[in-house]
Every structure is written in structure tokens, then in C-alpha cells.
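> fold the following and give me the result.
(one chain, ligands or ions: 2)
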Amino acid sequence: MDKLLVRGGRSLQGEVTISGAKNAALPEMCAALLTAEPVHLVNVPRLHDVRTMRKLLDNMGVATETHGERGGMSFVAPDSLNPEAPYELVKTMRASVLALGPLLARFGRARVSLPGGCAIGSRPVDQHIKGLQAMGAEIVVEHGYMVAALPAGRQRLQGARITTDMVTVTGTENLLMAATLAEGETVLENAAQEPEVTDLAEMLIKMGAQIEGHGTSRIRIQGVATLHGCTHQVVADRIEAGTFLCAVAATGGEALLRHARADHLDAVIDKLRDAGVAVQAVADGLRIHSPGAAQLKAQGFRTTEYPGFPTDMQAQFMALNVVAQGTATVAETIFENRFMHVNELARLGARISIDGRVATVTGGAQLSGATVMATDLRASASLVIAGLVARGDTVVDRIYHLDRGYDAMEAKLRGLGADIERISA
Ligand SMILES: CC(=O)N[C@H]1[C@@H](OP(=O)(O)OP(=O)(O)OC[C@H]2O[C@@H](n3ccc(=O)[nH]c3=O)[C@H](O)[C@@H]2O)O[C@H](CO)[C@@H](O)[C@@H]1O
Ligand SMILES: C=C(OP(=O)(O)O)C(=O)O
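Ligands and ions are numbered 1, 2, ... in the order given. Take a look at the predicted model:
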């Protein structure tokens with residue numbers, strides 16, 4: 001199992017290029033299931049979840065290819081394929097559930113393993129099922145699989161008005177993709193407004209889908225009989241960008257984050273500015289200048305759906321709060337078990353107490369390196385940030401979590417002057 005060795009104490013300086021977003025690339029790869037024509041994606045990040053999604057599509061019978069330096073990938077999903085997502089692949093990547101909507105919409109049937117929970121919470125998919133049932137699908141859950149089909153005699157899903165019980169990102173994406181090929185109009189109320197949903201909608205529109213209102217809480221889709229191929233560039237990863245912002249803020253220093261989108265990071269940038277960090281939108285990126293943690297003020301926040309503070313940035317900003325000055329409370333409202341980094345940060349010297357879904361961070365900690373264990377994707381990133389600030393050596397174990405969602409993180413950090421290396425098992 002690979003580990004990262006971080007020798008802390010260096011400030012970060014220079015330029016880093018932000019990759020395409022994992023959480024946009026994964027649904028967009030599934031969108032290729034909606035047409036028999038070639039779909040080309042560019043700016044696909046090189047990370048483990050993308051490789052898993054490719055395996056999942058290959059396994060179904062989709063022809064996939066990578067090309068070029070710029071994260072090019074193409075997909076051809078023939079008219080006849082095996083519409084199944086097996087447990088072996090789904091268990092390592094919850095986003096596999098995004099195959100369900102497209103498969104059902106185009107092939108009229110699908111067998112997709114239930115994803116189960118993961119470290120950060122229980123992560124049910126009841127809203128995906130409820131929405132597809134509202135569109136006429138018959139879905140039974142048996143032997144750990146969602147087995148979905150259209151009723152006898154029906155060729156297509158039916159448009160419907162669907163209000164999800166809560167805002168769900170992949171739920172919105174699954175229903176959005178399914179609705180593009182349904183008969184008639186679908187209205188998704190309480191839809192997720194995350195930039196990755198908007199990016200997916202823009203790709204689907206290039207494929208011939210009729211969609212309005214993406215980026216708002218009501219998305220209207222007029223179903224069409226077929227979609228065609230397209231070329232689409234995956235939007236920049238706002239969470240990767242936010243992670244680098246927190247790393248530079250915590251270590252002090254100055255950096256340019258190429259391709260980072262300020263308009264997708266408002267809530268995080270506001271908090272960084274309140275903390276005392278200078279963040280400026282520049283042509284094709286973001287510039288950050290941090291005076292170092294000793295000059296920064298810890299910031300309280302509450303995670304919420306977009307455009308609120310993202311749950312996927314909670315752990316990384318908490319690492320910054322640990323070394324900034326003052327006390328701050330952090331409330332996690334999206335996932336019930338997303339504070340697992342807290343005990344590991346404590347091994348480095350962080351002072352954090354937890355009461356239910358609220359963590360109170362007492363800043364100003366003098367961190368010292370230790371061996372810590374990554375428990376999930378963003379927890380891993382928060383431990384790396386803390387390790388960059390800590391005195392001495394920090395070893396972050398189980399970084400397969402990090403590899404799931406970050407494209408060459410240690411190489412990018414090294415490019416900014418960090419002393420970090422991978423120890424391969
Ligand atoms: C691949 C991807 O894009 N992953 C992101 C997506 O995950 P994901 O789409 O899985 O997260 P959701 O937005 O669906 O989850 C939001 C909340 O709704 C609950 N829920 C969701 C669906 C459902 O059918 N029933 C239900 O109860 C979840 O348990 C959670 O409490 O959005 C999360 C919230 O921004 C991010 O942390 C993940 O990085
Ligand atoms: C929780 C995350 O991803 P996933 O939904 O793929 O587990 C994340 O990207 O932080």
C-alpha cells in the first residue's frame with residue numbers, strides 16, 4: 001500500500017495546473033452510454049476513479065480509448081451491450097450508480113449493484129430509484145442489485161415531475177441523463193446546482209438534449225428520441241483548486257492556480273479572505289498570497305449544498321483552521337460521519353473537539369510530524385496539508401483514498417516546492 005512522506009516546513013511558491021473535475025468526468029463518461037455515436041472528452045483527470053469508470057464501461061462492451069496529452073478519452077457505446085455494473089467495481093466507487101439512468105433510458109434495462117455505504121456516511125440511493133420509478137421504470141432490489149426495466153410494451157421512460165426529498169448531486173445527474181431520452185417533459189425540482197451538474201447538462205445539450213434551468217433548483221428537460229456524439233471539455237476541479245488554496249494558505253507563500261474557477265469557489269474564497277489570505281481571480285486562474293498561518297484567523301463554517309460551503313472542502317479547511325489563530329466551529333450537515341480526519345489531525349498536534357455534527361477547532365497548534373492514516377479522500381488531503389506545515393516527517397498511510405480523486409497531487413505539490421514523496425509498497 002503506497003504512502004506519502006511529507007517533510008514539513010516549506011512555504012509553497014509557483015504555479016500549478018488544476019485538472020478536470022473528478023465529479024464532472026465520472027457522470028460525463030456515463031453520458032456516453034446515451035448514444036451510439038463517438039463521445040470525446042478532453043481534460044479528463046488521471047485518477048483512480050476514472051480508471052474504475054473506464055473498466056466499468058469496458059466491461060459493459062463500450063469501446064474506450066485514451067489519447068493525447070490533454071486527458072483525451074473517447075467512448076463508443078454500441079446498440080447492444082451488457083447493461084450491468086457489477087459489485088466488484090461499484091464497491092470501490094460509488095459514482096458507478098451513475099450508469100443506472102443512462103442504461104435504463106437507452107437500453108430499457110439495467111442491473112447495477114447497490115453502492116452501499118462508505119467511510120463518510122450511509123449514502124443511500126433511494127432518491128435515484130424513486131425518480132426513475134416516477135418516470136415509469138420498474139425497479140426491484142435483489143441480491144444487492146438494483147434490477148431495473150421498462151414495463152412490457154414500453155420503449156422509453158416517461159417524462160415526470162420529480163421532487164427529491166433532499167438535494168442530491170448524483171441523484172440529479174442520474175435523473176437528468178435519464179430524462180434526456182424520455183418521452184415528454186421532465187421537471188426536476190430541488191435539483192442540485194453544483195457546477196458539475198451544470199457541466200454535465202452543457203455536455204448533454206451538445207449531444208442534442210433539450211435542457212433548461214441547469215444551475216438552478218428547477219431543471220426542465222424535453223426528452224428526445226436519440227442523442228448524438230459530441231466533444232466536451234471537463235470543467236476544472238473546484239475541489240482540487242480549493243485544496244491547493246488551503247495548502248498555500250496554511251504554509252504561507254504565493255501561487256497561481258491555472259484553470260481554477262473563482263466563480264465556482266465563492267464560499268471557500270470568502271472564508272479564505274476573512275481568514276486574511278489574498279485571493280484574486282486572474283485570466284484563466286486564481287492567484288493566492290498567504291502571509292502564513294501565524295497571521296491568519298481561523299474561520300467557522302457550515303457545509304451545505306452549492307453554492308454554500310462544500311462538504312468536499314471541509315477537511316482541508318479544517319487543517320488550515322488548526323494552524324490559524326483563534327477558535328472556529330465547523331458544522332458538517334451533508335454526511336453524518338465526515339470528521340474522521342479529526343483523530344488523525346490530533347496525532348499531529350491539532351486541538352479539535354467534536355459534538356455531534358459540530359467540530360470546534362482551537363487554532364494556533366504547533367504541529368509535529370507523525371504517521372497518520374487516511375480514512376477517505378478529502379481526509380487524506382487534509383492530512384497532507386497538515387503534514388506540509390508540521391515540523392519533521394509525516395507519513396500518510398493508505399493514500400489509495402487520495403489517488404481515487406487527485407491527479408498527481410504529490411508531483412503538483414513538489415512543483416510548488418513541497419518536500420513530499422511517494423513510498424511505494
Ligand atoms: C461523484 C460525486 O459527484 N460525488 C459527490 C456527490 O456525492 P453524492 O451525489 O453521492 O451525494 P448526494 O448529493 O447524493 O448526497 C447528499 C445527501 O443526500 C443523501 N441522499 C442522497 C441520495 C439519496 O438517494 N438519498 C439520500 O439520502 C446523502 O446521504 C447525503 O446526506 O455530492 C456530494 C455532496 O456534495 C459530494 O460530497 C461528493 O463528492
Ligand atoms: C466524497 C467524494 O466523492 P465520492 O462521492 O466519489 O465518494 C469526494 O469527492 O469528496
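
> so how far is the helix or strand of the chain with the lowest mean pLDDT off the chain centroid?
Lowest mean confidence among the helices and strands of the chain (mean pLDDT, DSSP states H and E): helix 87-90, at a mean of 92. Taking C-alpha atoms, centre = their mean, to the nearest Å, one finds helix 87-90 lying 19 Å from the centre of the chain it belongs to.

> show me what counts as buried in the host helix or strand of residue 15.
Residue 15 is part of strand 12-17, with elements assigned from DSSP states H and E. Neighbour counts over strand 12-17 (16 or more other C-beta atoms under 10 Å) mark 12-13, 16-17 as buried. For every residue, glycine as well, the C-beta is placed using N, CA and C.

> next up, the contacts around the closest residue to residue 404 other than its chain neighbours.
Nearest residue to residue 404 in three dimensions, chain neighbours excluded: residue 48, at 4.7 Å (C-beta to C-beta, 6 or more residues apart in numbering). By C-beta atoms under 8 Å, 6 or more residues apart in numbering, the contact set of residue 48 is 400, 403-405.

> got those residues as JSON lines, with secondary structure and neighbour count columns?
Output for the contacts of residue 48, formatted as JSON lines (DSSP: H, G, I helix; E, B strand; the rest coil; neighbours: other C-beta atoms under 10 Å):
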{"residue": "400", "secondary structure": "helix", "neighbour count": "14"}
{"residue": "403", "secondary structure": "helix", "neighbour count": "20"}
{"residue": "404", "secondary structure": "helix", "neighbour count": "19"}
{"residue": "405", "secondary structure": "helix", "neighbour count": "27"}
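
> look up how far residue 406 lies from the residue positioned nearest the centre of the chain.
The residue lying closest to the centre of the chain (C-alpha atoms, centre = their mean) is residue 23, at 3.8 Å. According to C-beta to C-beta, to the nearest Å, residue 23 stands 12 Å off from residue 406.

> also residue 246?
Residue 246 is 13 Å from residue 406, where distance means C-beta to C-beta.

> so where do the helices sit in the stretch 201-350 of the chain?
Ranges of helices in the stretch 201-350 of the chain, per DSSP state H, counting those that start in this stretch, are 238-251, 266-275, 314-323, 341-347.

> pick the most buried one from the ones you listed.
helix 314-323 (a mean of 30; mean count of other C-beta atoms under 10 Å).

> I'd like the mean pLDDT over it, please.
Averaged over helix 314-323, pLDDT sits at 98.

> which helices and strands does it pack with?
Packing partners of helix 314-323 (3 or more C-beta pairs under 8 Å, 6 or more residues apart in numbering; DSSP states H and E): helix 238-251, helix 266-275, strand 327-331, helix 341-347, strand 351-355, strand 358-362, helix 377-389.

> reformat the ones you listed as a markdown table; add distance to ligand 1.
Listed next are the helices and strands packed on helix 314-323 as a markdown table, based on distance: least, C-beta to the nearest ligand atom, whole Å:
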| stretch | distance to ligand 1 |
| --- | --- |
| helix 238-251 | 7 |
| helix 266-275 | 12 |
| strand 327-331 | 14 |
| helix 341-347 | 14 |
| strand 351-355 | 18 |
| strand 358-362 | 16 |
| helix 377-389 | 8 |
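
> make a markdown table out of the ones you listed and add distance to residue 27 and mean pLDDT.
Formatted as a markdown table, the helices and strands packed on helix 314-323 follow (distance: least, C-beta to C-beta, whole Å; pLDDT from 0 to 100):
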| stretch | distance to residue 27 | mean pLDDT |
| --- | --- | --- |
| helix 238-251 | 15 | 98 |
| helix 266-275 | 22 | 98 |
| strand 327-331 | 28 | 98 |
| helix 341-347 | 26 | 98 |
| strand 351-355 | 32 | 98 |
| strand 358-362 | 30 | 98 |
| helix 377-389 | 17 | 98 |
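
> re earlier: out of the buried residues of strand 12-17, give me the two with the largest separation.
13 and 17 (15.3 Å; C-beta to C-beta).

> overlap of the contact sets of residue 246 and residue 406?
Joint contacts of residue 246 and residue 406 (C-beta under 8 Å, 6+ apart) do not exist.

> would you tell me what the next helix or strand after whichever strand or helix holds residue 50 is?
Here residue 50 sits within helix 48-60, counting by DSSP H and E. Using DSSP H and E, the helix or strand that follows helix 48-60 towards the C-terminus is strand 63-67.

> for that following strand, buried residues please.
Within strand 63-67, judged by 16+ other C-beta under 10 Å, the buried ones are residue 64.

> which residues are contacting it?
Defining contact as C-beta under 8 Å, 6+ apart, one finds that strand 63-67 is touched by 44, 54, 57-58, 72-76, 78.

> from these, which ones fall inside strands?
72-76 (DSSP state E).

> on that earlier part again, quick one: contacts of the least confident helix or strand of the chain?
So helix 87-90 is contacted by 52, 55-56, 59, 96-97, 112-115, 144-145 (C-beta under 8 Å, 6+ apart).

> same thing but 6 Å
Contacts to helix 87-90, defined as C-beta atoms under 6 Å, 6 or more residues apart in numbering, come from residues 55-56, 96, 113, 115.

> spell out which parts of the stretch 1-150 of the chain neighbour ligand 2.
Taking C-beta under 6 Å from any ligand atom as the measure of proximity, the stretch 1-150 of the chain contacts ligand 2 at 23, 94-95, 118, 120.

> show me the domain layout of the chain.
Domain assignment for the chain by automatic domain parsing gives 3-18+236-423, 22-233.

> distance of the closest residue to ligand 2 within the stretch 201-350 of the chain from ligand 1?
In the stretch 201-350 of the chain, the residue that lies nearest ligand 2 is residue 312 (3.9 Å; C-beta to the nearest ligand atom). Taking C-beta to the nearest ligand atom, to the nearest Å as the measure, residue 312 falls 5 Å from ligand 1.

> now that residue, nearest residue through space, not along the chain?
Excluding its sequence neighbours, the residue lying closest to residue 312 (C-beta to C-beta, 6+ apart) is residue 239, at 4.6 Å.

> wait, doesn't the one you found sit right on residue 309?
No: contact criterion C-beta atoms under 6 Å: residue 239 and residue 309 do not qualify, at 11.8 Å.

> who's in contact with residue 337?
Taking C-beta under 6 Å, 6+ apart, one finds 120-121 in contact with residue 337.

> model confidence for it, exactly?
Per-residue pLDDT puts residue 337 at 93.

> got it, and residue 122?
88.

> what backbone torsions are found at it?
phi -80, psi -30 (degrees, to the nearest 10).

> where does pLDDT dip in the protein?
For the chain, no stretch has pLDDT under 70.

> again, only this time at 80
Filtered on pLDDT under 80, the chain yields the residue ranges 69, 116-117.

> what residues does it put near ligand 1?
23, 26, 94-95, 121, 123-128, 166, 168-171, 311-312, 334-335.
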